[in-house]
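Student: fold the following, please.
(2 chains)
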Number of protein chains: 2
Amino acid sequence: LANNREIGIGLMGLGVVGTEVARTLLEKEHSISSKLGCTVRIKRILVRAPEKERRYVPADVVLTDGAEGLIDDPAIDIIVEVMGGEYPALEYVQRALRAGKHVVTANKEMMAKHGPEILTLAHEHSVSIRFEAGVGGGIPIIGPLLKDLLANDIYGISAIINGTTNYVLTKMGMEGLEFNDAVRQAQALGYAEADPAADVEGLDAAYKLAILASLAFHTKIHASDVYYEGITKLGPADFKYAAELGYAIKLLAIGRMEGTSIQVRVHPTLVPVEHPLASVCGVFNAVELEGDLVGQVMFSGQGAGGQPTASAVVGDVLDIARNIVSGSNPPAPLLLDGACTIQPMADLETQYYIRLLAVDEPGVMAQITTVLGDLKVSLASVIQKEIVQPEGFSEIVITTHTAKESAVQEAVQRMRSLGSVQEVSNLVRMLDGEG
Amino acid sequence: LANNREIGIGLMGLGVVGTEVARTLLEKEHSISSKLGCTVRIKRILVRAPEKERRYVPADVVLTDGAEGLIDDPAIDIIVEVMGGEYPALEYVQRALRAGKHVVTANKEMMAKHGPEILTLAHEHSVSIRFEAGVGGGIPIIGPLLKDLLANDIYGISAIINGTTNYVLTKMGMEGLEFNDAVRQAQALGYAEADPAADVEGLDAAYKLAILASLAFHTKIHASDVYYEGITKLGPADFKYAAELGYAIKLLAIGRMEGTSIQVRVHPTLVPVEHPLASVCGVFNAVELEGDLVGQVMFSGQGAGGQPTASAVVGDVLDIARNIVSGSNPPAPLLLDGACTIQPMADLETQYYIRLLAVDEPGVMAQITTVLGDLKVSLASVIQKEIVQPEGFSEIVITTHTAKESAVQEAVQRMRSLGSVQEVSNLVRMLDGEG
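Tutor: Below is the predicted model of the structure:
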């Protein structure tokens, strides 16, 4: 099995992930060649400041600030794109594929917005495009979806795929922290960025869900098809009431396929404490898939960080390297031509949690339940608590049986217009155990 | 991407799994060809009684009791072996590979005993051999180990990979059942075979661990290298005491690699209730892997049954079909030539749970703790309970800090020779949280 073929790598980006990729390929060069029978070596690295000194970069590796240096280098077989962001990554990846380079990317934004075109372009040029690191960090999930689970009709995705928000929600749930304090703790530990907006607003999870759902449902689902809502409105009271009711609060990415109708949504969700996703804590990620043959399968692990992400990136690199050595052609991409439509959120049917602040006087509960009853929204439970501040008010927490989103939204509007209701503080969807 | 290539399948075995494979390929023929751009169709099926009528077998499929009919058919590209057992499956698979057929198998016994030779044979004949269904039923685990996690040095495997025993242990733990009663319930539900020996003695899990550990540690590990011990000696008292101490009891398959020393062992294990494996219940399976880059990742789902196993088998078939269509060569097999040695069980270091029955009189505990102390086995906890039957005795449950297996086994021998000790009822290893 001896094979002295050298596989050349062009690395685009030398941030946290890029540095770990470089370190892994350097430190494991021997063990990789003994496992694979070929040598995998970085040839050139695209960086902003080529003159800066770098760790884990051997002297014979060329540092450059020009992407064409990597794309045009005949010694480079695989381009590894770990720059992130839509541009210029997309342009570089497209040029690399057109130049006949295989591409490994960790770029969820690019894949969520341009995945299908990139897959087609790779196929046209008979090269591979891999993006395992785009979802769930080091957790194998794209590979299993594309290969191991391919015999299934996948109809459900329930996932915790943003480590920052899961850390924040875990802290809020376990320590009763306010949102802003939990975010500051996450930032101090490097689990949240200085500007955490893309994470806490749910956008990052929406990108990842678009990728997962496209592959699971064999349908082109664009980032903009995914409904998303962040965790910024949650407060300690929500966690307290959720716990009383037997729920944790998680930012779930949910995909459902029913007939030709697809739901793709990211929002805070009440998850029953006995559900496996409820105990996925801190920066851990977990993806649960439901298929017609396999039933429920769950994958969990560290969804972010330099080393777990490098695990996925280098895993993709090594798989392509093996295929190059064996002279294999990349298989045709899966056809993402499902004739499905995205269900409008207004048509969603699930259970809801509603928290509101009302005047503490007789008849108020009757007004509120009348609003719900008029809209055919059926109550599952009600908690009413007198509160200290503001005096004379009570907090009311309602959970509903499965109801239609449009009806619940209308009910919230009507409640807001009741004189006795001070505010509807929060509306959170629940992981529907009914139906 | 239109491709009218037809991929012919020869199916060996039409039991529970074979029937589900046939049903899946028949019912999903259209959706498979729309996903893959090729048609996958069963041509011939090897059965014991070809004249019997079968469901899910179209009229143009040839039923035969001769394996050569499948192996020699030029219209057959892939042989699917779901007969089980070492012989004649091994002979058929070898002949199929030599005849240039790709092979998909669900046969853990064959792969645990002959895996490396089969992989080499497949490589010599430039065909694929796949066995995702051999471990964990429908849960993707072989694929992720061979591809997605390949950049890691995997150093730990902790797995629940036998659904029968996990069902039995779950019942015993939750309902206080005796072993035999729990087994009878499992049999009534079809979760245990009429002769459950291979499952309850740990042999089935040992086969699967041999396969997992070979791939994870890149070393040839034969079924006979794996230490295994079944669940037959456990009683309701063990579950009661374990719960008091904060543990569940699971049949774990454990692999560890330290330097060039490998542990591979299957035995009942006390697992802390907060550990994710403790809440894997009923017939569910779960595999936790630890790697240097990815950290801990866990895969869980249904580890047995016709449909989940068919999910894995057909997944392998479809992946090979895609490779055939794209004209790919199977990549060289991973080199399983790690120069490692199997650690003797006597050298194991872990924590232990010991349950014994002793005369209820002063000084007994001192005798027991002296035995342990003399052998440098350090106590972590002691529970002593007066019991009703036999009168005048008490039950003593000891847990140790990390200690050497040989010392603990010697301690048990010495305790048995103490006049005050009626019996050492059970010795169970613990999932070591120390060290």
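Student: nearest residue to residue A:90 other than its sequence neighbours?
Tutor: The shortest distance from residue A:90 to any non-neighbouring residue, by CB to CB, 6 or more residues apart in numbering or on different chains, is to residue A:110 (5.2 Å). (Glycine included, C-beta is placed from N, CA and C.)
Student: so for the host helix or strand of that neighbour, mean pLDDT?
Tutor: Per DSSP states H and E: residue A:110 is located in helix A:108-124. The average pLDDT within helix A:108-124 is 96.
Student: show me what counts as buried in that helix.
Tutor: Applying a neighbour-count criterion of 16 or more other CB atoms under 10 Å in any protein chain shown, one finds A:108-116, A:118-119, A:121-123 buried in helix A:108-124.
Student: send the alpha carbons of that helix over as PDB?
Tutor: Output in PDB follows, covering the C-alpha atoms of helix A:108-124 (Å, rounded to 0.1, in the frame of the first residue of the first chain):
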ATOM      1  CA  LYS A 108     -21.700  28.100   6.800                       C
ATOM      2  CA  GLU A 109     -22.800  31.600   5.500                       C
ATOM      3  CA  MET A 110     -21.400  30.900   2.000                       C
ATOM      4  CA  MET A 111     -22.900  27.400   1.900                       C
ATOM      5  CA  ALA A 112     -26.300  28.500   3.200                       C
ATOM      6  CA  LYS A 113     -26.500  31.200   0.600                       C
ATOM      7  CA  HIS A 114     -24.800  29.600  -2.400                       C
ATOM      8  CA  GLY A 115     -24.500  25.900  -1.600                       C
ATOM      9  CA  PRO A 116     -26.400  24.400  -4.600                       C
ATOM     10  CA  GLU A 117     -24.500  26.500  -7.100                       C
ATOM     11  CA  ILE A 118     -21.200  25.600  -5.500                       C
ATOM     12  CA  LEU A 119     -22.100  21.900  -5.600                       C
ATOM     13  CA  THR A 120     -23.000  22.100  -9.200                       C
ATOM     14  CA  LEU A 121     -19.800  24.000 -10.100                       C
ATOM     15  CA  ALA A 122     -17.700  21.400  -8.300                       C
ATOM     16  CA  HIS A 123     -19.500  18.600 -10.200                       C
ATOM     17  CA  GLU A 124     -19.000  20.400 -13.600                       C
END
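Student: who touches it?
Tutor: Contacting residues not belonging to helix A:108-124 are listed as A:84-86, A:89-90, A:93-94, A:97-98, A:103, A:105, A:128-129, A:131, A:134-135, A:204, A:206-208, A:210-211, A:214, A:220, A:222-224, A:330, A:332-333, A:336, B:1 [CB atoms under 8 Å, 6 or more residues apart in numbering or on different chains].
Student: what about burial for these, which qualify?
Tutor: Listed as buried from these are A:84, A:89-90, A:93-94, A:97, A:103, A:105, A:128-129, A:131, A:134-135, A:204, A:206-208, A:210-211, A:214, A:220, A:223, A:330, A:332-333, A:336; burial here means 16+ other CB under 10 Å.
Student: so which of those residues sit within helices?
Tutor: Using DSSP state H, A:89-90, A:93-94, A:97, A:204, A:206-208, A:210-211, A:214 are the members of those that sit in helices.
Student: just give me the closest of those residues to residue A:405.
Tutor: Set against residue A:405, the nearest of these by CB to CB is residue A:206 (17.6 Å).
Student: so how far is residue B:117 from the closest one?
Tutor: Counting by CB to CB, to the nearest Å, the gap from residue A:206 to residue B:117 is 49 Å.
Student: show me what the helix or strand where residue A:242 lies is packed against.
Tutor: Element membership for residue A:242 (DSSP H and E) is helix A:236-245. Using 3 or more CB pairs under 8 Å, 6 or more residues apart in numbering or on different chains; DSSP states H and E, the elements in contact with helix A:236-245 are helix A:163-175, strand A:247-258, strand A:349-359, strand A:379-386, strand A:393-400, strand A:421-430.
Student: list the buried ones in it?
Tutor: So helix A:236-245, judged by 16+ other CB under 10 Å, has buried residues A:236-239, A:241-242, A:245.
Student: which positions in the stretch 51-200 of chain A make contact with chain B?
Tutor: Taking CB under 8 Å from any CB of the partner chain as the contact definition, the stretch 51-200 of chain A meets chain B at A:123, A:132, A:138-140, A:143-144, A:147-153.
Student: tell me who's in contact with residue A:56.
Tutor: Residue A:56 touches A:19, A:22-23, A:26-27, counting by CB under 8 Å, 6+ apart.
Student: from those, which would you call buried?
Tutor: By 16+ other CB under 10 Å, the contacts of residue A:56 give A:19, A:22-23 as buried.
Student: ok, the residues you listed vs chain B, which is closest?
Tutor: Among those, residue A:23 lies closest to chain B (CB to the nearest CB), at 9.8 Å.
Student: surely the closest one and residue A:55 touch.
Tutor: Yes - at 7.4 Å, residue A:23 counts as touching residue A:55 under the criterion of CB atoms under 8 Å.
Student: do you know how far residue A:52 is from residue A:45?
Tutor: From residue A:52 across to residue A:45, the span is 11 Å (CB to CB).
Student: typed the wrong thing, it's residue A:421
Tutor: Residue A:421 is 59 Å from residue A:45, by CB to CB.
Student: more crowded one of these two?
Tutor: Comparing residue A:421 with residue A:45 by other CB atoms under 10 Å in any protein chain shown, the one with more neighbours is residue A:45, at 24 against 21.
Student: A strand includes the more buried one, no?
Tutor: Yes - according to DSSP: H, G, I helix; E, B strand; the rest coil, residue A:45 belongs to a strand.
Student: isn't it up against residue A:60?
Tutor: No - Residue A:45 lies out of contact with residue A:60 (CB under 8 Å); the separation is 11.7 Å.
Student: where does chain A have low pLDDT?
Tutor: For chain A, the stretches with pLDDT under 70 are A:1-3, A:433-435.
Student: residue most distant from the centroid, it?
Tutor: The centre of chain A is farthest from one residue, residue A:362, which by CA atoms, centre = their mean lies 45.6 Å away.
Student: excluding chain neighbours, what is closest to residue A:197?
Tutor: Spatial nearest neighbour of residue A:197, excluding adjacent residues (CB to CB, 6+ apart): residue A:203 at 7.6 Å.
Student: that neighbour and residue A:410, how far apart?
Tutor: Taken as CB to CB, the span from residue A:203 to residue A:410 is 27 Å.
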